[in-house]
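# I need the structure of the sequence given here:
(one chain, ligands or ions: 2)
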Amino acid sequence: MLKIISVFGTRPEAIKMAPLIKELDGNTDINSKVCVTAQHRDMLDQVLNYFDIKPDYDLNIMSSRQTLSQITSRVLLGMDDVLEREKPDLVLVHGDTTTTFAAALSAYYHKVMVGHVEAGLRTHDKFFPYPEEMNRRLTAPLADMHFAPTASAKANLLDEGIAEGSIYVTGNTVIDALKWTVKEGHLFENQALNDVDYKSYRVITMTAHRRENWGKPLENICYAVLDIVQRYKDVLVIYPVHLNPAVRDVVFKILGSAERVMLLDPLSMVDMHNLIKRSYFVMTDSGGLQEEVPSLGKPVLVLRDVTERPEAVEAGTVRLVGTEKEVIVKNVMKLLDDQAEYARMANAINPYGDGYASKRIVQAIKYKFGLTAEKPEEFMPQV
Ligand code: UD1
Ligand code: UDP
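Ligands and ions are numbered 1, 2, ... in the order given. I've put the predicted structure just below:
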């Protein structure tokens, strides 16, 4: 039997790996194991519980205000025992976190093959996003199989000299996850969200937590929000705040007592996806939301200067607005005031996937290891 260990540690990796783990579990010729680093604790467990995933290994590395070096070294040390004991045929990692890079490096040290899910995203700026751009770039040469979500991600890998035969264009597994979560008439687990009057208010859902936005940029974002709710009495901002104290300190200080700003603890994934569906638009610095929100047909203002996800920007659903207060406010006002502009951006588009990414990835793995003669068809977005 082919033995595969999937390794992940943060909320977004869990959301995007869960559909793949379910797909792997459905194959009798694959022995699928899960190792979580728990770089995140509560935010990871929320997702594991929802998908009923019980890890075989839990490195439990998280500490408050952890540094990048701490994460890297704890993952490397923790993975030694796991790989020594299991001797898998393949380690699967996802995306661009420090767990991703450190787990891929560990697999290389143990001469185990690596499959990289969500490979090939690039901004070409090594500090934006930080440290994700380097995490994903450094994972590429360690990987033997590259699951690129889109054709442009594949092109980035080819530019870096990655062999074409090792790249599979699969779509993004996050679109697979949406099939599980978005439901008409969803009753929110967070009662405060059931109490919102979605007819009277235009709800802007927002998140902001990225390392490169800590400090001044995050303050600017919060002051922009204050300005907006003061100008528009029919706007309600809902902001589930990341558990990181470096983020919470700033956000609660500036927005803690603002009218029509709801600061919540992180939402369950299912609440988050259904909240997006009921929002007027979304403001975020997150990577994953840039993929989910366009597929739910809502505009997205991205609180960054560059993105590794250009497809929805090109389609007009996502706009980069940076982290300067005045620029953010101007763009929010345009979207609130100009119906034609709103209609142009509020198109449901799916450049990132069709819900079958996990199936393609599993088929590619089986093909690589001789369990099937057929390579998966490449994901092609519907236009
Ligand atoms: C991490 C990833 C980032 C990803 C993000 C998704 C790295 C370096 N960063 O950033 O790529 O986009 O996750 O959210 O890999 N904390 C808790 N409980 C939790 C989770 C976090 O208390 O469940 C707090 C801890 O104090 C922790 C801090 O948040 O030290 C930061 O967590 P960390 O994983 O280092 O950084 P993120 O900003 O979450
Ligand atoms: N998300 C969630 N609850 C929240 C905020 C976000 O479940 O309160 C989900 C969101 O829908 C997306 C993912 O978390 O699937 C994005 O993760 P995050 O913003 O932490 O990281 P990034 O995408 O920037 O790597």
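
# Give the burial count for Arg137, as a bare number.
18 (other C-beta atoms under 10 Å). Every residue, glycine included, has its C-beta placed from N, CA and C.

# my bad, Glu311
Other residues near Glu311 number 22, with proximity taken as other C-beta under 10 Å.

# who are the neighbours in contact with the closest residue to it other than its chain neighbours?
Closest residue to Glu311 in three dimensions, ignoring its sequence neighbours and counting by C-beta to C-beta, 6 or more residues apart in numbering: Pro351, at 3.7 Å. Going by C-beta atoms under 8 Å, 6 or more residues apart in numbering, Pro351 touches Thr150, Pro294, Glu311, Ala312, Ala315, Pro381.

# distance of the fourth one from ligand 2?
For Ala312, the distance to ligand 2 under the criterion C-beta to the nearest ligand atom, to the nearest Å works out to 14 Å.

# doesn't that residue fall inside a helix?
Yes. Ala312 forms part of a helix when assessed by DSSP: H, G, I helix; E, B strand; the rest coil.

# so it touches Ile349, yeah?
Yes. Judged on C-beta atoms under 8 Å, Ala312 makes contact with Ile349 at a distance of 6.6 Å.

# between the two, who's got more neighbours?
The residue with more neighbours, out of Ala312 and Ile349 and counting by other C-beta under 10 Å, is Ala312; that gives 25 against 18.

# which element is the residue nearest to Glu311 on?
Using DSSP states H and E, Pro351 is not contained in any helix or strand.

# How confident is the prediction for it, by pLDDT?
Here the pLDDT value assigned to Pro351 is 93.

# how close does it sit to ligand 1?
Taking C-beta to the nearest ligand atom as the measure, Pro351 and ligand 1 are separated by 20 Å.

# Val282 too?
Applying C-beta to the nearest ligand atom, one obtains 16 Å for the distance of Val282 from ligand 1.

# On the three-state scheme, that residue is what?
strand.

# residue contacts, it?
For Val282, the set of contacting residues under the criterion of C-beta under 8 Å, 6+ apart consists of Ile204, Thr205, Met206, Ile276, Leu289, Val293, Lys298, Pro299, Val300, Leu301.

# Need those residues in a markdown table (columns: neighbour count).
As requested, the contacts of Val282 are exported to a markdown table (neighbours: other C-beta atoms under 10 Å):
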| residue | neighbour count |
| --- | --- |
| Ile204 | 25 |
| Thr205 | 25 |
| Met206 | 23 |
| Ile276 | 24 |
| Leu289 | 25 |
| Val293 | 25 |
| Lys298 | 22 |
| Pro299 | 24 |
| Val300 | 26 |
| Leu301 | 21 |
